[in-house]
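In: Sharing a model prediction with you, sequence too.
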Amino acid sequence: MKSKASAPAKVILFGEHFVVYGVKAILCSINKRITVTAEKISERKISISSEIGKLILEPDKSILEINSPLKPFYYLANKAIENEDTGIHIEIDSEIPLGAGLGSSSACCVAGAAAIFKLFRKISKEEILELAIEAERTIFENTSGADCTVCTYGGIMEYEKNSGFKKIEDEPNYQLIIANSNIEHSTQSMVSKVKEFKNKNKEEFFKLSNLESKLVEDVLKLVKENKIEKIGEKMNQNQKYLETLGISNNQLREMIKIGQESSFGAKITGSGGGGCVFALTDESDLQNTLKKFKDNNYECFSAKIDFTGLNTF
Ligand code: MEV
């Protein structure tokens, strides 16, 4: 018997990095997915196959010994077969660009936890999320949990590290243009970089966090009032705070300039240093914004908010 689950990519609309220190963030999931298929196999092995490679290992290995980006899947499969006399084979299919700040690893952890554990028992979304965050910690210890949460529940939401998430019930019709710098980045190292900034500039970080908090509260009101132009301005403001944290670079700045000149607003999404930027548009400026990125030879695509989240088959 096979068990399948899919989870969406995500965009952090506001509040990346600050969310790690308790500031509220606003996120949404988008219509690009990862699908994980799991099946029991008679041999007591864990085998994982994806476009980035294969991993075949005996169970019960220490997670610290495993040096592979597929480690979260091993963690989940190993936990699932702890008291079972079986092995597991896992296949991953992804439409989400890897290492681009769009939550590919969180979506893997969420779809992986669902597909793997459903082979053995019924499992709630709450428990899937808990397992997904545990699995994500094997590659990114300090995760705020924001990415896995939005990949599980979908839609657009506010998220706070300590109190969890609240869905934003309005279903805004935003179109996001996502442009990929194709500069690889590591979330773990960008989060460490921001920690260094915080330790060296305590007062400034404190001030920025307060400004970000206020900005997020303003945006929550603007979403209710459907004021897309003003939300775009807040994105540009948020980008200035991210610049101060030191997570941008010349190429990202160039891309953001293109986005800001052709749409309502643009900023980095995710940990920065590389990865993606996104521009906020609606039908009126969607094609023009896409064209501007393409004319400058940037890989880009349009995305809509996904209101489904985790899907199991
Ligand atoms: C990464 O997508 C978002 C960060 O805020 C880290 C986190 O929230 O865990 C940079």
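Out: Cool, the structure landed. Numbering: from 1, shown residues only.
In: quick one: buried residues of the longest strand belonging to the chain?
Out: In terms of residue count, the longest strand belonging to the chain (DSSP state E) is strand 25-41. For strand 25-41, burial by neighbour count (16 or more other C-beta atoms under 10 Å) applies to 25-30, 32-40. The C-beta positions use only the backbone N, C-alpha and C, and glycine is treated the same way.
In: from the chain's centre, how far out does it sit?
Out: Strand 25-41 sits 10 Å away from the centroid of its parent chain (C-alpha atoms, centre = their mean, to the nearest Å).
In: and if you look at stretch 54-62?
Out: The answer for stretch 54-62 is 26 Å, by C-alpha atoms, centre = their mean.
In: gap between the two ends of it?
Out: 18 Å (C-alpha to C-alpha, to the nearest Å).
In: Mean confidence (pLDDT) on that stretch, please.
Out: Mean per-residue pLDDT for stretch 54-62: 96.
In: Just the buried positions in it, please.
Out: In stretch 54-62, counting by 16+ other C-beta under 10 Å, buried: Leu55, Leu57, Pro59.
In: Out of those residues, which sit inside strands?
Out: Secondary structure assignment by DSSP E places Leu55, Leu57 of the buried residues of stretch 54-62 in strands.
In: Turn the buried residues of stretch 54-62 into CSV, columns for distance to the ligand.
Out: Listed next are the buried residues of stretch 54-62 as CSV, based on distance: C-beta to the nearest ligand atom, whole Å:
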residue, distance to the ligand
Leu55, 24
Leu57, 27
Pro59, 29
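In: Name the nearest of the buried residues of stretch 54-62 relative to Thr289.
Out: Nearest to Thr289 among the buried residues of stretch 54-62 is Leu55, at 39.3 Å by C-beta to C-beta.
In: quick one, what contacts that closest one?
Out: By C-beta atoms under 8 Å, 6 or more residues apart in numbering, Leu55 lies in contact with Ile46, Ser47, Ile48, Ile66, Ser68, Leu70, Phe73, Tyr74.
In: Could you rerun that using 10 Å?
Out: Leu55 makes contact with Ile46, Ser47, Ile48, Ser49, Ile66, Ser68, Pro69, Leu70, Lys71, Phe73, Tyr74, Ile90 under the criterion C-beta atoms under 10 Å, 6 or more residues apart in numbering.
In: what helix or strand does the nearest residue to the fifth one once chain neighbours are set aside sit in?
Out: When you say that, I think you mean Ile66. Ranked by C-beta to C-beta, 6 or more residues apart in numbering and with sequence neighbours excluded, the top spatial neighbour of Ile66 is Tyr74, at 5.9 Å. Assigned by DSSP states H and E, Tyr74 belongs to helix 71-80.
In: Which strands or helices does that helix pack on?
Out: strand 25-41, strand 46-50, strand 53-57, strand 87-94, helix 104-117, helix 125-136 (3 or more C-beta pairs under 10 Å, 6 or more residues apart in numbering; DSSP states H and E).
In: May I have the residues that are in contact with Glu225?
Out: Asp170, Ile231.
In: swap that for Glu171, sorry
Out: Neighbours of Glu171 in contact, by C-beta under 10 Å, 6+ apart: Gly155, Ile156, Ile305, Phe307.
In: Where does Gly309 fall, secondary structure wise?
Out: Remark: Gly309 resides in no helix or strand, with elements defined by DSSP H and E.
In: what angle do the longest strand of the chain and strand 46-50 make?
Out: 120 degrees (axes from the mean of the first three to the mean of the last three C-alpha atoms, to 10 degrees).
In: Touching, Arg121 and Ala80? I think so.
Out: Yes: counting by C-beta atoms under 10 Å, Arg121 touches Ala80, with 9.3 Å between them.
In: Looking at those two, which one has more neighbours?
Out: Ranked by neighbour count (other C-beta atoms under 10 Å), Arg121 and Ala80 place Ala80 first, with 26 against 8.
In: nearest residue to that one other than its sequence neighbours?
Out: Ile116 (4.9 Å).
In: Any figure for the gap between that neighbour and Glu84?
Out: 11 Å (C-beta to C-beta, to the nearest Å).
In: leaving aside the residues next to it on the chain, what's closest to Lys267?
Out: Gln239 (3.9 Å).
In: List the contacts of that neighbour.
Out: Contacts of Gln239 by C-beta under 10 Å, 6+ apart are Ser248, Leu252, Arg253, Ile256, Gly259, Gln260, Gly265, Ala266, Lys267, Ile268, Gly272, Val277.
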